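Asker: this is a predicted model, with the sequence first.
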Amino acid sequence: MTGHTFFIIAYMGKREYNSTQLPPGSLKRGYRMIELRHVCKTFETTDKEKSVHAVRDVSLTIEDGEIFGIIGFSGAGKSTLVRCINLLERPTSGSVIMDGEDLTKMTERQLRQTRRKIGMIFQHFNLMNSRTVFDNVAYPLFGSKMSKERKERKVMELLEIVGLTEKAGAYPSQLSGGQKQRVAIARALANNPTVLLCDEATSALDPQTTQDILRLLQRLRERLKLTIILITHEMAVVKQVCTRVAVMEEGRVVEEGRIYDVFSNPQQPITRRFIRTTTHIEGVEELLKTDPSSLGLASGDIVVRYDCSGDRTSQASVSRISREYGVDISIIFGNVEMLLGTPFGTMIVVFRGEEKAVQAALTEFEKTASRVEVICRV
Amino acid sequence: MSELLTKIAPNFIKTFPEFTESFFETLEMVGTAAATSALFGIFFGVVLVVTAPGGIMENKWINSILDKIINVFRAIPFVIMIALLLPLTRLVMGTSIGTKGAIFPLVVATVPFFSRQIHSALCEVDKGVIEAAQAMGSGPWEIVFRVYLREGLGGMIRGATITVVNLITLSAMAGCVGGGGLGDYAIRYGFQRKMTDVTIVTCIVLLILVTIIQSIGNVLSAKRH
Ligand SMILES: Nc1ncnc2c1ncn2[C@@H]1O[C@H](COP(=O)(O)OP(=O)(O)O)[C@@H](O)[C@H]1O
Ligand SMILES: [Mg+2]
């Protein structure tokens, strides 16, 4: 059992959303920002047998104002997929549609123009070491019709947004990792993009700096109405900022959905593995399925998983239902996650008592939860 | 000072006018050859990098042909190169002797060498930075001028330093075959007339020249972040 306590579940009833609504903070307008249609990318080698199918038939729709997460282990094809979005990597087949236009059908010139509207940041920042912070941020403004003064103002504005005005004259080698990523973000925003691609943008940073950068990204999304696509191998990052997530494995998107749904009800083994990296619930369920005796369960016991998030009674309902229906309900596991800044609680409880009463209690119990799942009947 | 020099290097003082003339000939040969080679070397170095597999203007044919030509020219020893190039030198420069006649083979020998130096300097430019530039909508030419040639400048200066030092050595060798310059001077007086002091002083002067160039190169390349 983790150190989380149940009173957290009890007081989180203030906010409301359930699995059919988008989590708070999302700017759903139903507008399709980016559509990937059957995107495939194969890296040919001389030996056909050994060709790498980095992305296999991926179709995704990313809506305006989302922070869309793509999670997968190393080599899953995440970077290749995200590079297909701005066509740094030309898809072997399929199309990439942004704002209604198919990027794969554009001329090089049009494509370069479109890329200015898609900012990108990287794991290793990719700043130019021979340029100062100011000049790095000014780099993409070259050739724009702005006057010199306006460019200068724009650069300083961007540096202010990321909180680095006093570092304008510094060189990248004089900055910390977090500061470098901030410069990279400012640079990516120079041409007022509508989309920001982040390829493992926090993977080279320590946990504290990761938090800072994630918060900055969230702020930017709201302030600049950005759509953000965030690639990561860390579930902790996804659950903190993403409105939706796609799980990638061997070039395919194996699972996709709103962060709440994916977290509360993962469908694929790989998704469970990722969730297990930030919570123990999956491990407890596993234990129950493989070795129920270890938890001292008696015959006739029903083990139930209870998810709740929003305006639901929680701990109180356990004792109330227990009293009303005359059944024993004991909590053997409890956990609270913060999903997009909203608490999401999970309990594993055991029902014990006369069969009919237990059944009625269960039905009542379901009404109080976002989701109830019977894990096993002993 | 001059008295002391007269005592320890009498022949050098005697042939001082020839020395100055040769010295400036060397500067002329090295300077002209370096400037010309720089132009071609940077061009070919850039072409090698951008046409390489995965490069910003990938072109298998141009890349492998250029690569092979450079290797062939680098494999030919300079003395043989001078001899092989004689007719071409006469055609291009109007003469095959003297400083003018030496400059052409010097350029032909240096361009492949410098192209390689540029190539390896540009290869060290972080691929991620190139990718970032592409993602920001930069075209290939913009990337060449605003990223490669700028980010790779430190390495290019180091390569240029090695190349100029190499050129000085080659120019002295060109002297052996009638090319003028300090090499010629050292051979004519120091070697053929057994004026050892002339040889020694020439060596010292060349050493000083090399040291100065190396120091300038070090200072310039260190300035790059
Ligand atoms: N340019 C390339 N040439 C050949 N294979 C590649 C290339 N880029 C990526 N791959 C391969 O494609 C697969 C997916 O890589 P990548 O997209 O970088 O994965 P991830 O970002 O999820 O770690 C890997 O097997 C990788 O080796
Ligand atoms: Mg990657």
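Answerer: Done, it's in. Ligands and ions are numbered 1, 2, ... in the order given.
Asker: quick check on A:T209: phi, psi?
Answerer: Here is the backbone geometry of A:T209 (degrees, to the nearest 10): phi -70, psi -40.
Asker: surely A:V247 meets A:I259?
Answerer: No - with contacts counted by C-beta atoms under 8 Å, A:V247 stays clear of A:I259, the gap being 11.4 Å. Placement of C-beta: from N, CA and C, glycine included.
Asker: and the residue of the stretch 251-378 of chain A found nearest ligand 1, its phi and psi?
Answerer: Proximity of the stretch 251-378 of chain A to ligand 1 (C-beta to the nearest ligand atom) peaks at A:G251, 7.0 Å away. Main-chain torsions, A:G251, degrees, to the nearest 10: phi 90, psi -10.
Asker: what do you get for A:G119?
Answerer: In terms of degrees, to the nearest 10, the main-chain angles of A:G119 are phi -80, psi 160.
Asker: briefly note if stretch A:32-51 comes near ligand 1.
Answerer: Yes - applying C-beta under 6 Å from any ligand atom, one finds stretch A:32-51 touching ligand 1 at A:F43.
Asker: who touches that stretch?
Answerer: A:52-66, A:77, A:80-81, A:84-85, A:89, A:91-99, A:194-195, A:227, A:229, A:251 (C-beta atoms under 8 Å, 6 or more residues apart in numbering or on different chains).
Asker: can you rerun that using 6 Å?
Answerer: Outside stretch A:32-51, the residues that touch it by C-beta atoms under 6 Å, 6 or more residues apart in numbering or on different chains are A:52-64, A:80, A:84, A:89, A:91-98, A:227.
Asker: centre of the chain to that stretch, how far?
Answerer: Distance, stretch centre to chain centre, for stretch A:32-51: 23 Å (C-alpha atoms, centre = their mean, to the nearest Å).
Asker: so which of the contacts of stretch A:32-51 are in helices?
Answerer: Cross-referencing the contacts of stretch A:32-51 against helices under DSSP state H gives A:80, A:84.
Asker: buried among the contacts of stretch A:32-51? Make that a PyMOL selection.
Answerer: PyMOL command restricting the contacts of stretch A:32-51 to the buried ones, with burial defined by 16 or more other C-beta atoms under 10 Å in any protein chain shown:
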select buried, chain A and resi 53+54+55+56+58+60+62+63+64+80+84+89+91+92+94+96+97+98+227
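Asker: mind listing which of the contacts of stretch A:32-51 are in strands?
Answerer: A:52-63, A:93-98, A:227 (DSSP state E).
Asker: within reach of ligand 1, which of the residues you listed are there?
Answerer: Among those, proximity to ligand 1 is found for A:52, A:54 (C-beta under 6 Å from any ligand atom).
Asker: ramachandran angles for the residue nearest to A:K225 when sequence neighbours are not counted?
Answerer: Of all residues not flanking A:K225 in the chain, A:G65 sits nearest, at 6.4 Å (C-beta to C-beta, 6 or more residues apart in numbering or on different chains). In terms of degrees, to the nearest 10, the main-chain angles of A:G65 are phi 80, psi 0.
Asker: separation between A:G65 and A:Q218?
Answerer: Remark: distance between A:G65 and A:Q218 (C-beta to C-beta, to the nearest Å) = 12 Å.
Asker: following the host helix or strand of A:V318, which helix or strand comes up?
Answerer: For A:V318, the host element (DSSP states H and E) is helix A:315-325. Moving toward the C-terminus from helix A:315-325, the next helix or strand (DSSP H and E) is strand A:328-339.
Asker: give me the helices and strands touching that next one, please.
Answerer: With contacts taken as 3 or more C-beta pairs under 6 Å, 6 or more residues apart in numbering or on different chains; DSSP states H and E, strand A:328-339 sits against helix A:259-264, strand A:342-352.
Asker: residues in contact with the last one: which ones?
Answerer: When contacts are taken as C-beta under 6 Å, 6+ apart, the neighbours of strand A:342-352 outside the stretch itself are A:9, A:12, A:15, A:281, A:284, A:301-309, A:327-337, A:358.
Asker: count of neighbours near the residue in chain B positioned nearest to ligand 1?
Answerer: Closest residue of chain B to ligand 1, C-beta to the nearest ligand atom: B:G54 (6.9 Å). For B:G54, the neighbour count with other C-beta atoms under 10 Å in any protein chain shown is 7.
Asker: quickly note the distance from it to B:Q134.
Answerer: B:G54 is 12 Å from B:Q134, by C-beta to C-beta.
Asker: could you do B:T161 as well?
Answerer: 31 Å.
Asker: likewise B:E142?
Answerer: From B:E142 to B:Q134 the distance is 10 Å (C-beta to C-beta).
Asker: compare those two (neighbour count), which wins?
Answerer: Higher neighbour count among B:E142 and B:Q134: B:Q134, with 22 against 18, using other C-beta under 10 Å.
Asker: tell me how many other residues crowd B:T95.
Answerer: 12.
Asker: so it touches B:A102, yeah?
Answerer: No - proximity of B:T95 to B:A102 does not meet the contact threshold set by C-beta atoms under 6 Å, at 10.0 Å.
Asker: quick one: low-confidence residue ranges for chain A.
Answerer: A:1-30, A:292, A:310-316 (pLDDT under 70).
Asker: endpoints of stretch B:52-60, how far apart?
Answerer: Using C-alpha to C-alpha, to the nearest Å, the end-to-end distance of stretch B:52-60 comes out at 7 Å.
Asker: right, is it up against chain A?
Answerer: No - counting by C-beta under 6 Å from any C-beta of the partner chain, chain A has no neighbours in stretch B:52-60; the shortest distance is 10.9 Å.
Asker: show me which positions of stretch B:207-225 end up buried.
Answerer: By neighbour count with 16+ other C-beta under 10 Å, stretch B:207-225 contains the buried residues B:209-210, B:213, B:217, B:220-221, B:224.
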